[in-house]
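K.L.:
Predicted model and sequence follow; I will ask about them next.
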Amino acid sequence: MKICCLGAGYVGGPTMAMIAYKCPDITVTVADINEARINAWNSDELPVFEPGLDEVVHAARGRNLFFTTDKVTAIKEADIIFVSVGTPTKTYGAGAGKAADLKYIELCARDIAQYSDRSKIVVEKSTLPVRTAQGLKTVLEANSTPGLDFQVLSNPEFLAEGTAIEDLSKPDRVLIGGDEDSEAGRKAIQTLVDVYANWVDRDRIITTNLWSSELSKLVANAFLAQRISSINSISALCERTGANVDQVAYAIGTDSRIGPKFLKASVGFGGSCFQKDILNLVYLCEYFGLPDVAAYWEQVIVMNDWQKSRFSQKIVSTLFNTVNGKRIAMLGFAFKKDTNDTRETAAMYVGRDLLDEQAVLAIHDPKVSPEQMFKDLKESRTDADGNPNKQIDVCEDPYAAAKGAHGLAIMTEWDSFKDLDFQKIYDGMYKPAFVFDGRNILDHEKLRKIGFEVFAIGR
Ligand SMILES: NC(=O)c1ccc[n+]([C@@H]2O[C@H](COP(=O)([O-])OP(=O)(O)OC[C@H]3O[C@@H](n4cnc5c(N)ncnc54)[C@H](O)[C@@H]3O)[C@@H](O)[C@H]2O)c1
Ligand SMILES: O=c1ccn([C@@H]2O[C@H](COP(=O)(O)OP(=O)(O)O[C@H]3O[C@H](CO)[C@@H](O)[C@H](O)[C@H]3O)[C@@H](O)[C@H]2O)c(=O)[nH]1
């Protein structure tokens with residue numbers, strides 16, 4: 001069997017690497033139009049940082065895993081074609097700021113139709129609005145050689161960044177939606193089930209109709225993000241009342257009906273998916289004439305935005321209502337630990353707020369490049385005369401970032417931050433030395449004993 005995947009991004013690369021790793025008899029080719037990305041997948045410096053990914057790629061690459069820019073051959077040869085291209089929030093026209101931009105998906109469908117000379121199974125791996133499969137099928141049938149059959153399946157991906165390899169090798173479930181009402185549809189579903197059954201227990205592979213599968217992905221992300229916004233809303237109430245949000249989260253999470261996960265209060269959720277997918281859900285609700293449902297889910301985003309700006313306002317008000325010219329050390333820039341991804345990271349929004357207030361940002365992140373930070377903060381590295389940007393100092397070393405700072409903000413929960421020598425950091429800072437723990441990962445009592453003024457979320 002031959003599988004091809006269009007899109008070698010955060011999802012296409014690792015998911016296909018896992019299929020190739022677990023199924024040595026299947027040839028897996030990942031095709032992308034971005035040559036630099038493909039070159040990186042073929043090098044020792046993979047374009048995605050994920051614990052354990054290097055090992056999986058190295059074991060399969062060249063054996064039955066291939067990365068290429070030749071999408072035509074990849075499409076022609078494949079029995080199953082996954083589509084794993086981006087579905088960003090639309091920035092133009094109807095639905096701008098909410099609806100998913102489906103142009104990359106449609107271009108893939110047109111390529112598949114044009115280059116296929118036999119019937120294929122087409123799998124939606126990207127996160128898509130419910131009922132996209134209908135449009136895909138129409139484009140495929142209208143543009144291909146008559147007589148070919150394209151079975152469209154929905155197989156959304158639930159991996160989280162930073163734990164992608166663990167999530168892919170032991171998924172809670174694999175979801176496959178297809179046309180359950182036709183013989184060809186059921187056969188296509190079974191073909192994909194058989195691929196995953198090489199390493200996933202059969203009872204963890206859920207099959208549904210197409211629309212349930214497409215919608216479940218958006219709903220899963222909406223529910224996860226809703227939990228974070230819920231606990232973050234309570235963090236504000238804790239700060240006013242003397243309750244401790246971590247204690248509250250533990251107390252409610254021990255109720256097996258609520259469960260302990262995704263109740264960690266924070267400076268706000270980030271990442272490429274939650275906001276985009278909830279906005280998409282909101283748009284769909286509006287489109288299908290359900291404004292009250294739309295408003296309900298939109299509140300998850302409103303609360304998240306509030307949590308981020310609340311954090312930057314807290315820094316400014318605590319530092320005597322001015323951070324003008326003050327150095328603020330930001331530890332962490334990625335949207336969560338164990339990834340170099342900064343898409344929608346809370347650090348970017350807090351950073352921009354502080355720059356607006358004329359602060360000097362000293363940023364350290366173990367994985368994020370300075371180029372990425374400047375881009376996200378909408379700043380250039382040098383001024384018109386070629387002198388370095390004086391408002392942003394990217395530091396390789398957290399101690400260097402904190403030296404001469406008035407405040408230190410934990411933006412990402414990197415484990416390495418917990419073991420820093422805080423006495424050394426304290427000695428190098430202006431006094432009073434303020435810590436703003438946006439992830440509640442530090443030992444606050446210990447910090448207070450050293451002499452820090454500590455602000456934590458929800459305490
Ligand atoms: N990032 C995640 O953790 C995650 C998890 C689950 C689901 N998803 C969903 O998966 C999809 C892909 O996300 P991603 O993070 O991998 O995106 P990404 O931007 O990292 O990768 C998409 C890739 O598709 C390529 N591409 C675009 N058009 C193409 C074409 N016509 N042919 C071949 N390649 C093409 C781009 O060059 C890019 O490399 C999105 O719908 C996203 O919502 C993402
Ligand atoms: O209790 C928590 C859990 C997470 N976060 C934050 O929420 C964001 C998202 O975290 P996470 O969900 O772990 O990472 P993602 O890679 O964005 O994964 C989500 O989005 C993916 C893309 O759709 C889905 O596949 C995953 O199932 C879903 O967890 C990050 O900023 C986290 O720091 C919190 O603030 N508190």
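P.N.:
Everything's here; your move. Residues are numbered from 1 along each chain as shown. Ligands and ions are numbered 1, 2, ... in the order given.

K.L.:
wait, what's in contact with the closest residue to Thr68 other than its chain neighbours?
P.N.:
Take Thr68 and drop its neighbours on the chain: the residue closest to it by CB to CB, 6 or more residues apart in numbering is Ala31, 5.3 Å away. All C-beta atoms are positioned from the backbone trio N, CA, C, and that covers glycine. Shown in contact with Ala31 (CB atoms under 8 Å, 6 or more residues apart in numbering): 4-6, 8, 38, 67-71, 74-75.

K.L.:
residue ranges for the strands of the chain, please.
P.N.:
2-6, 27-31, 65-68, 80-83, 120-124, 150-154, 174-178, 205-209, 327-331, 360-364, 392-394, 407-410, 434-437, 453-456 (DSSP state E).

K.L.:
Mind checking if the first one is in reach of ligand 1?
P.N.:
Yes - Strand 2-6 is in contact with ligand 1 by CB under 6 Å from any ligand atom, via Leu6.

K.L.:
Need the contact partners of that strand.
P.N.:
Against strand 2-6 from outside (CB under 8 Å, 6+ apart): 12, 15-16, 19, 26-32, 71, 74-75, 77-85, 108, 111-112, 125, 195.

K.L.:
Can you flag the buried ones in these?
P.N.:
The neighbour count (16 or more other CB atoms under 10 Å) marks 12, 15-16, 19, 26-32, 71, 74-75, 78, 80-85, 108, 111-112, 125, 195 as buried among those.

K.L.:
what does the chain have sitting close to ligand 1?
P.N.:
In this structure, the chain approaches ligand 1 at residues 6-12, 31-34, 37, 71, 84-87, 104, 107-108, 126-127, 157, 159, 161, 272-273, judged by CB under 6 Å from any ligand atom.

K.L.:
on that earlier part again, give me the buried subset of the contacts of Ala31.
P.N.:
Here, 16+ other CB under 10 Å leaves 4-6, 8, 38, 67-68, 71, 74-75 buried among the contacts of Ala31.

K.L.:
just these now: which is nearest ligand 1?
P.N.:
Leu6 (4.1 Å; CB to the nearest ligand atom).

K.L.:
and the strands of the chain as JSON lines, adding mean pLDDT and distance to ligand 2?
P.N.:
Below are those laid out as JSON lines (pLDDT from 0 to 100; distance: least, CB to the nearest ligand atom, whole Å):
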{"stretch": "strand 2-6", "mean pLDDT": "98", "distance to ligand 2": "16"}
{"stretch": "strand 27-31", "mean pLDDT": "98", "distance to ligand 2": "18"}
{"stretch": "strand 65-68", "mean pLDDT": "98", "distance to ligand 2": "22"}
{"stretch": "strand 80-83", "mean pLDDT": "98", "distance to ligand 2": "15"}
{"stretch": "strand 120-124", "mean pLDDT": "98", "distance to ligand 2": "13"}
{"stretch": "strand 150-154", "mean pLDDT": "98", "distance to ligand 2": "14"}
{"stretch": "strand 174-178", "mean pLDDT": "98", "distance to ligand 2": "11"}
{"stretch": "strand 205-209", "mean pLDDT": "98", "distance to ligand 2": "15"}
{"stretch": "strand 327-331", "mean pLDDT": "98", "distance to ligand 2": "14"}
{"stretch": "strand 360-364", "mean pLDDT": "98", "distance to ligand 2": "17"}
{"stretch": "strand 392-394", "mean pLDDT": "97", "distance to ligand 2": "21"}
{"stretch": "strand 407-410", "mean pLDDT": "98", "distance to ligand 2": "12"}
{"stretch": "strand 434-437", "mean pLDDT": "98", "distance to ligand 2": "13"}
{"stretch": "strand 453-456", "mean pLDDT": "98", "distance to ligand 2": "14"}
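
K.L.:
Turn those into JSON lines, columns for distance to Pro47.
P.N.:
As requested, the strands of the chain are exported to JSON lines (distance: least, CB to CB, whole Å):
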{"stretch": "strand 2-6", "distance to Pro47": "15"}
{"stretch": "strand 27-31", "distance to Pro47": "11"}
{"stretch": "strand 65-68", "distance to Pro47": "10"}
{"stretch": "strand 80-83", "distance to Pro47": "18"}
{"stretch": "strand 120-124", "distance to Pro47": "22"}
{"stretch": "strand 150-154", "distance to Pro47": "26"}
{"stretch": "strand 174-178", "distance to Pro47": "25"}
{"stretch": "strand 205-209", "distance to Pro47": "29"}
{"stretch": "strand 327-331", "distance to Pro47": "25"}
{"stretch": "strand 360-364", "distance to Pro47": "22"}
{"stretch": "strand 392-394", "distance to Pro47": "21"}
{"stretch": "strand 407-410", "distance to Pro47": "27"}
{"stretch": "strand 434-437", "distance to Pro47": "32"}
{"stretch": "strand 453-456", "distance to Pro47": "35"}
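
K.L.:
on that earlier part again, from the contacts of Ala31, pick the one nearest Ala294.
P.N.:
The nearest member of the contacts of Ala31 to Ala294, counting by CB to CB, is Leu6 at 31.3 Å.

K.L.:
What confidence value was assigned to Thr339?
P.N.:
pLDDT for Thr339: 89.

K.L.:
give me every residue that touches it.
P.N.:
Neighbour list for Thr339: 49-50, 161-162, 367 [criterion: CB under 8 Å, 6+ apart].

K.L.:
mind checking how far the residue of the stretch 301-450 of the chain found nearest ligand 2 is from Ala222?
P.N.:
Nearest to ligand 2 in the stretch 301-450 of the chain, going by CB to the nearest ligand atom, is Lys336, at a distance of 3.9 Å. Shown here: Lys336 relative to Ala222, a distance of 18 Å by CB to CB, to the nearest Å.

K.L.:
more neighbours, those two?
P.N.:
Neighbour count, other CB atoms under 10 Å: between Lys336 and Ala222, Lys336 has more, with 21 against 18.

K.L.:
List the residues that contact the residue nearest to the more buried one when sequence neighbours are not counted.
P.N.:
Nearest residue to Lys336 in three dimensions, chain neighbours excluded: Gly162, at 5.7 Å (CB to CB, 6+ apart). Shown in contact with Gly162 (CB under 8 Å, 6+ apart): 50-51, 336-339.

K.L.:
before we move on, the earlier item: and the pLDDT at the residue of the stretch 301-450 of the chain closest to ligand 2?
P.N.:
For Lys336, pLDDT reads 96.

K.L.:
Tell me who's in contact with it.
P.N.:
Lys336 neighbours (CB under 8 Å, 6+ apart): 161-162, 270-271, 412-413.
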